[in-house]
Structures are given as structure tokens and as C-alpha cells.
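*Asks:* quick one, structure for this:
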Amino acid sequence: MSELRFNELRGEEVVYAIHRQERTFLPSREHCPLDATRPGGPQTEIPFPSFEIAVFDNRFPAFESPLGAAEVVVYTDQHDGSFGSLEPQRAEALMWVWRHRYMELGAREDIDYVMIFENRGVEVGVTLHHPHGQIYGYPFLPPIPALEQEADLRLGGCAPCTLMKRELEDARRIVHQNESVVAYVPYAARWAFEVHVVMSEHRPSLLACQAAELRDLAQALQAIARGYDALFDRPFPYVMVVHQAPTTAAAADGHLHVEFYPPLRTADKLKYLAGSEQGAGTFISDTLPEESAGMLREAIARAA
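*Replies:* Model prediction:
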């Protein structure tokens with residue numbers, strides 16, 4: 001069971017999940033726990049010889065009932081590949097799986113916020129190479145969603161709506177757009193190739209999206225992921241996080257958007273969170289968002 005402690009100086013919860021020290025770490029391909037269980041092969045987390053998308057409780061959870069939840073979402077039974085290389089129909093189906101888990105977990109009284117995310121690459125600490133993501137159900141409102149609510153108040157309305165409008169008017173940082181989604185490197189990006197993928201219409205969560213919007217969201221997310229890989233002609237590490245409305249009964253509104261935080265600033269250089277970032281909480285960047293957006297736009301076009 002995890003333990004929560006409140007950090008008074010930072011005004012935030014800290015989670016202690018010491019059992020996670022023993023979680024599986026970069027096993028050989030022959031012993032991947034996210035593969036299907038093949039006849040005559042070792043037992044895995046998924047007791048079927050094949051599957052499309054699998055969801056199950058994390059064996060080493062940061063949160064668990066009655067104080068939250070932690071789930072694993074396996075995108076495919078194919079060990080090799082990535083989110084970007086999924087068949088479009090599989091990526092679209094994943095949006096519906098995300099939607100269902102947000103609905104189910106969000107209905108629980110012990111969960112205030114549902115965060116869907118993917119860590120890709122050893123550079124961001126991934127422990128299993130098989131294409132997968134995770135879902136955390138937080139028993140409190142984490143700091144980032146709380147800051148987004150403060151941004152709504154500061155801007156006098158929906159912050160993502162306001163910021164998206166500014167990006168569309170400027171246009172220099174737009175990297176991809178379709179009928180339902182706008183993707184851009186934000187004006188004040190912290191990571192060199194940070195991208196925000198925002199629903200064009202105000203949608204608090206996946207639950208408010210129409211089928212066509214979920215299809216367009218999947219298409220945009222895959223376009224960004226493939227563009228990343230094409231940028232430096234290598235598998236591109238990132239953290240991908242789905243931002244949605246909190247799920248408490250008295251929750252404030254939200255605006256569905258997905259943020260990518262990639263640590264690479266060049267093909268072989270990482271952005272480290274060092275003195276200013278960790279000690280002062282202020283990012284210092286070596287690149288301008290407009291330049292990064294231009295590079296990424298070209299890479300997305302090459303990968304199309």
C-alpha cells in the first residue's frame with residue numbers, strides 16, 4: 001500500500017510506493033510480461049495466446065483501492081513497434097479504451113483525477129519495451145491539473161481554448177491540424193520539441209467526444225509520434241499525457257488535450273532537469289519554439 005505525505009514547502013502530495021523498487025526492469029524479449037501467453041511458453045500478465053488491446057491492474061501500483069488505481073494498457077500483442085506504428089484502426093480503438101477507463105475509474109469515489117499516459121524510451125525511465133501506456137487514478141487533484149484550473153481563472157475562461165486561438169492566429173508553431181484537432185509547439189514550450197494536441201471544440205474529456213473526433217485525435221497523435229521518429233531518424237523518447245477534466249462531483253471544467261514532453265534537444269543530446277529546473281522550478285531552453293516547430297513540421301510531412 002502506498003503512503004501519502006504532504007510536502008509543506010512545495011504544497012504538494014508525495015507518494016511513497018516502496019514496493020515498486022522490485023518491479024520488472026527491461027527484461028529480455030523472451031521474458032516480456034506484456035507479450036501474450038503462448039502455448040508452451042512462460043506465463044505472462046495476459047493469459048491469452050493473442051489479443052488486440054489489454055488492460056489490467058499494475059502489479060506494482062503507485063496507487064490502489066481504496067486510494068486510487070494504477071492500470072497498464074497494452075496496445076498490441078506484437079512486441080516490436082510503437083504507438084506511432086499501430087494500424088490506424090488500432091489507434092482509434094485505443095481512444096475508445098481510454099474513454100472507457102476514464103469513465104469507469106472516474107466514477108469511483110476514491111479517485112479525483114484520471115491521468116492516461118505513455119512513457120517511451122529508456123531516456124524517460126521506461127522499464128518495458130513492449131508498446132504500452134498506463135493509467136493512474138489519483139485520490140487527490142495533482143498540481144498540474146490544479147495549475148490548469150488557475151490558468152482558466154487567470155485568463156477569464158478556458159485556458160486551452162484561449163491559447164489555441166492565439167496559436168492559430170500566429171500559425172508559426174502549428175505542426176499538424178485536421179478537422180477536430182490542432183497540434184502545436186506552445187509559445188512558452190519547456191521542452192525543445194514539446195507538442196500540445198488540442199481538441200478544436202471545447203471538450204472537457206474523452207466522454208464528450210464524437211466518434212469522428214476520437215478518430216481525428218488518434219490520427220493526430222500518431223502523426224506527431226511518427227514525426228518525432230523521422231525528426232532525427234531514430235526512435236524518439238517522450239512522455240505523452242492526456243489532460244482531461246477532474247472527476248470529482250464538484251470538478252471544474254477542463255479541455256481535452258494531449259501533451260508530449262520529449263527530452264531530446266538534438267539527435268544525441270538530452271535536456272536535463274538540473275539546477276534551475278529542479279531548484280527554482282524555472283526551465284531554461286536552448287531552442288526557440290518557432291525553430292523547433294519548423295523542424296517538426298518538416299519531419300511530420302516526411303513521415304506521412
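
*Asks:* when you work out contacts or count neighbours from here on, use the C-alpha atoms and nothing else.
*Replies:* Fine.

*Asks:* surely Phe193 touches Glu259?
*Replies:* No. Using CA atoms under 8 Å, Phe193 is not in contact with Glu259; the gap is 10.8 Å.

*Asks:* so which of these two has more stuff around it?
*Replies:* More neighbours surround Phe193 than the other of Phe193 and Glu259, with 27 against 21 (other CA atoms under 10 Å).

*Asks:* could I get the full set of helices for the chain?
*Replies:* For the chain, applying DSSP state H gives helices covering 88-106, 143-155, 159-170, 211-231, 289-303.

*Asks:* using PDB, write out every CA atom in the shortest one.
*Replies:* Just to be clear, that refers to helix 159-170. The C-alpha trace of helix 159-170 is given here as PDB (Å, rounded to 0.1, in the frame of the first residue of the first chain):
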ATOM      1  CA  ALA A 159      -7.100  28.400 -21.000                       C
ATOM      2  CA  PRO A 160      -6.600  25.800 -23.700                       C
ATOM      3  CA  CYS A 161      -9.300  27.500 -25.900                       C
ATOM      4  CA  THR A 162      -7.600  30.900 -25.500                       C
ATOM      5  CA  LEU A 163      -4.100  29.500 -26.100                       C
ATOM      6  CA  MET A 164      -5.200  27.500 -29.100                       C
ATOM      7  CA  LYS A 165      -6.800  30.600 -30.600                       C
ATOM      8  CA  ARG A 166      -3.500  32.500 -30.200                       C
ATOM      9  CA  GLU A 167      -1.500  29.800 -31.800                       C
ATOM     10  CA  LEU A 168      -3.900  29.600 -34.800                       C
ATOM     11  CA  GLU A 169      -3.600  33.400 -35.200                       C
ATOM     12  CA  ASP A 170       0.200  33.300 -35.100                       C
END
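
*Asks:* could you pull up phi and psi at the nearest residue to Glu123 once chain neighbours are set aside?
*Replies:* Spatial nearest neighbour of Glu123, chain neighbours left out: Pro237 (6.4 Å); criterion: CA to CA, 6 or more residues apart in numbering. Dihedral angles of Pro237 (phi, psi; degrees, to the nearest 10) stand at phi -70, psi 150.

*Asks:* list the contacts of Pro237.
*Replies:* 119-124, 262-264 (CA atoms under 8 Å, 6 or more residues apart in numbering).

*Asks:* let's see that with 10 Å instead.
*Replies:* Residues near Pro237 by CA atoms under 10 Å, 6 or more residues apart in numbering: 119-126, 225, 228-229, 260-264.

*Asks:* drop anything exposed from those.
*Replies:* Among those, those classed as buried by 16 or more other CA atoms under 10 Å are 119-121, 126, 225, 228-229, 260-264.
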